[in-house]
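Asks: Sequence and predicted model, in that order:
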Amino acid sequence: MRAVLAFLLGITFVLNAFAQEAWPTRPIRFILPFPPGGGTDILGRLIAERLSASLGQPVVTENRGGAGGNVGAEAAAKSAPDGYTLVLVAPSLAISPTLYSKINYDPVKDFAPVSLVATVPNVMITQASLPVQNLQEFTAFAKAKPGALNFGSGGAGTSNHLAGELFNIVTGAKLVHIPYKGVNLAMQDVLAGNVHLVFIGIPAAAPHIKTGRLRALALVAPQRSSALPEVPTVAEAGLRDFEVTTWYGVLAPAGTPRSVVTRLNAELVKIMHSPELKEKLAATGTDPLTSTPEEFADYIKREIAKWGDVVRKAGVKAD
């Protein structure tokens, strides 16, 4: 009897090992928690295309926008931890725990971090028709019309939402927040003349800035970007101690086999630092930034603490 049990246990061990070794054997779902057209979507599709090639299975992107990224994050958190669901997250993951009185997932306990993948400086954009040429003029214009101007964001709890709230605090302006289901939709309303200010990643805004359809007021970053070399930083434009950089990272549901996480991490490091992709990302102002799963887990915890402090000081709540 013991021999039979030992044999069965051995078979089970071999089958499990084979299953993990054989991963992936079918398409992988890659959730992008914001609508098409924004920074998450652009970067996510670039990664998915290259992961498909390196893993030998389709990596299918799925846009699940809503609630500042929480809809997509929750869908990923509640998926089976089998290595066939991934999610591309941004600072909203770290902001939501403080901003919302309740979210239906835990950003630390419900995920297995895989790796950071990139950072993107935000640029402050406004309507080209607005009678301002730079950040100082926009600030003066906004302060002269309290409550008359607005700023759009990718939804309550996104980093571009809090960037706008911090702008109000630091400058004394009283811009009204208008949330969208994705920051790209907010940018479209700047183009349409309905929104006065948006903080958005360089990739989505750069083409419109270069054609003159949008006016760039300042780059929210420590240094200028080669993608928009003529745009000053917020510090150069006269706004000190104001930095909101968007980061992106890949998570899997908690409980995903360690072997899968390790393989994904290795593939992402290879992909993000490949000369071909680095060149493509540099043209859009995106900087590759990878990490170990442990480093990413620690980074998320530090971001939750940092943004929690910002949310409390800004006095904002999403519900």
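Replies: Thanks, I have the structure now.

Asks: Could you pull out the helices in the protein for me?
Replies: Taking DSSP state H to define them, one finds helices in the chain at 2-22, 39-55, 70-77, 92-99, 135-143, 159-171, 183-191, 202-211, 258-272, 275-282, 293-314.

Asks: Would you mind measuring from the nearest residue to L175 once chain neighbours are set aside to A163?
Replies: Leaving aside its chain neighbours, L175 sits nearest to F151 (4.6 Å; criterion: Cβ to Cβ, 6 or more residues apart in numbering). In this view, the C-beta of every residue, glycine as well, is placed from N, C-alpha and C. Taking Cβ to Cβ, to the nearest Å as the measure, F151 falls 9 Å from A163.

Asks: residue contacts, G157?
Replies: Contacts for G157 (Cβ atoms under 8 Å, 6 or more residues apart in numbering) come out as 67-70, 92, 95-96, 99-100, 318.

Asks: what about 7 Å?
Replies: Listed by Cβ atoms under 7 Å, 6 or more residues apart in numbering, the contact set of G157 reads 68, 92, 95-96, 99-100, 318.

Asks: hmm, back to that, so which of the helices of the chain is nearest D110?
Replies: helix 70-77 (4.0 Å; Cβ to Cβ).

Asks: so the closest one versus helix 39-55, what angle?
Replies: Calculated by axes from the mean of the first three to the mean of the last three Cα atoms, to 10 degrees, helix 70-77 forms an angle of 20 degrees with helix 39-55.

Asks: helices or strands up against helix 70-77?
Replies: Applying 3 or more Cβ pairs under 7 Å, 6 or more residues apart in numbering; DSSP states H and E, one finds that helix 70-77 contacts strand 28-32, strand 85-89, strand 245-253.

Asks: Can you say which of those is nearest to V234?
Replies: The nearest among the helices and strands packed on helix 70-77, by Cβ to Cβ, is strand 245-253 at 11.5 Å.

Asks: in its sheet, what does the closest one sit against?
Replies: Strand 245-253 pairs in its sheet with strand 85-89 (antiparallel), strand 111-127 (antiparallel), by DSSP bridges.

Asks: contacts for the shortest one?
Replies: Put plainly, it is strand 85-89. Contact with strand 85-89 is made by 28-33, 40, 43-44, 72-73, 76, 79, 248-253, as judged by Cβ under 7 Å, 6+ apart.

Asks: show me the contacts for E243.
Replies: With Cβ under 7 Å, 6+ apart, E243 has these contacts: 220-222.

Asks: picking up where we left off before, same list, the helices of the chain, but as a markdown table with mean pLDDT please.
Replies: Shown next, in a markdown table, are the helices of the chain (pLDDT from 0 to 100):
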| stretch | mean pLDDT |
| --- | --- |
| helix 2-22 | 52 |
| helix 39-55 | 95 |
| helix 70-77 | 97 |
| helix 92-99 | 92 |
| helix 135-143 | 97 |
| helix 159-171 | 90 |
| helix 183-191 | 95 |
| helix 202-211 | 92 |
| helix 258-272 | 98 |
| helix 275-282 | 91 |
| helix 293-314 | 91 |
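
Asks: Just name the most buried of those.
Replies: Stretch with highest mean neighbour count among these: helix 92-99 (a mean of 25; mean count of other Cβ atoms under 10 Å).

Asks: orientation of that one relative to strand 85-89 in degrees?
Replies: If you take the same axes, to 10 degrees, helix 92-99 sits at 70 degrees to strand 85-89.

Asks: Enumerate the beta-bridge partners assigned to P121.
Replies: On the basis of DSSP bridges, P121 is bridged to T245.

Asks: Good, we can wrap up now.
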